[in-house]
Each structure stands twice: as structure tokens, then as C-alpha cells.
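Novice: no letters, just coordinates:
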């Protein structure tokens with residue numbers, strides 16, 4: 001399963017958004033769509049309290 005599908009599957013109010021944590025930085029992905037050979041998405045960048053988690 002590709003990154004686009006993972007973001008798209010979780011892009012509903014009843015699910016937590018697809019996210020990726022790098023150290024204390026959390027990236028939340030929403031509104032993904034495909035354009036040519038790219039995935040375009042909105043990304044919210046916040047500071048988190050956990051370290052090196054990876055959910056995407």
C-alpha cells in the first residue's frame with residue numbers, strides 16, 4: 001500500500017490523521033491527492049512529546 005492510500009484512508013473525522021514523528025516533530029497529513037508522479041497533501045507540523053514514532 002502506498003503513502004497516498006494510507007493518508008487517504010485515514011482522512012476522515014472519525015479516524016486520527018496519518019502522521020509521522022521524527023524526534024519531537026510530528027507531521028499530520030490530510031487532503032491527499034495524486035498529481036502526475038506526486039502525492040500532494042496538507043501537512044500540519046507540531047512539536048510532540050514522544051520520540052521516533054512512525055505511524056505512516
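Specialist: Structure received. Since this is a predicted model, take the numbers as computed values, not measurements.
Novice: three-state assignment of the residue nearest the centre of the chain?
Specialist: By CA atoms, centre = their mean, the chain has its centre lying nearest to residue 29, at 3.0 Å. Following DSSP: H, G, I helix; E, B strand; the rest coil, the label given to residue 29 is strand.
Novice: quick one: residue 29 and residue 42, what's the gap?
Specialist: Remark: distance between residue 29 and residue 42 (CB to CB, to the nearest Å) = 7 Å. Heads up, the C-betas are built off the backbone N, CA and C, glycines and all.
Novice: joint contacts of those two?
Specialist: Both residue 29 and residue 42 lack any common contact, where contact means CB atoms under 8 Å, 6 or more residues apart in numbering.
Novice: about what we covered before: give the bridge partners for the residue nearest to the centre of the chain, please.
Specialist: Using DSSP bridges, the beta-bridge partners of residue 29 come out as residue 18, residue 43.
Novice: where do the strands sit along this protein?
Specialist: For the chain, the strands defined by DSSP state E occupy 18-22, 25-35, 38-47.
Novice: now the angle from the shortest one to strand 38-47?
Specialist: So that's strand 18-22. Interaxial angle of strand 18-22 relative to strand 38-47 (axes from the mean of the first three to the mean of the last three CA atoms, to 10 degrees): 60 degrees.
Novice: returning to what we had before: surely the residue nearest to the centre of the chain and residue 45 touch.
Specialist: No: using CB atoms under 8 Å, residue 29 is not in contact with residue 45, being 10.6 Å away.
Novice: pLDDT weak spots in this structure?
Specialist: Low-confidence segments of the chain, defined by pLDDT under 70: 1, 49-56.
Novice: report the outermost residue of it with respect to its centre.
Specialist: residue 36 (19.6 Å).
Novice: so which of the strands of the chain is the most surrounded?
Specialist: The highest average neighbour count among the strands of the chain, using mean count of other CB atoms under 10 Å, belongs to strand 18-22 at a mean of 17.
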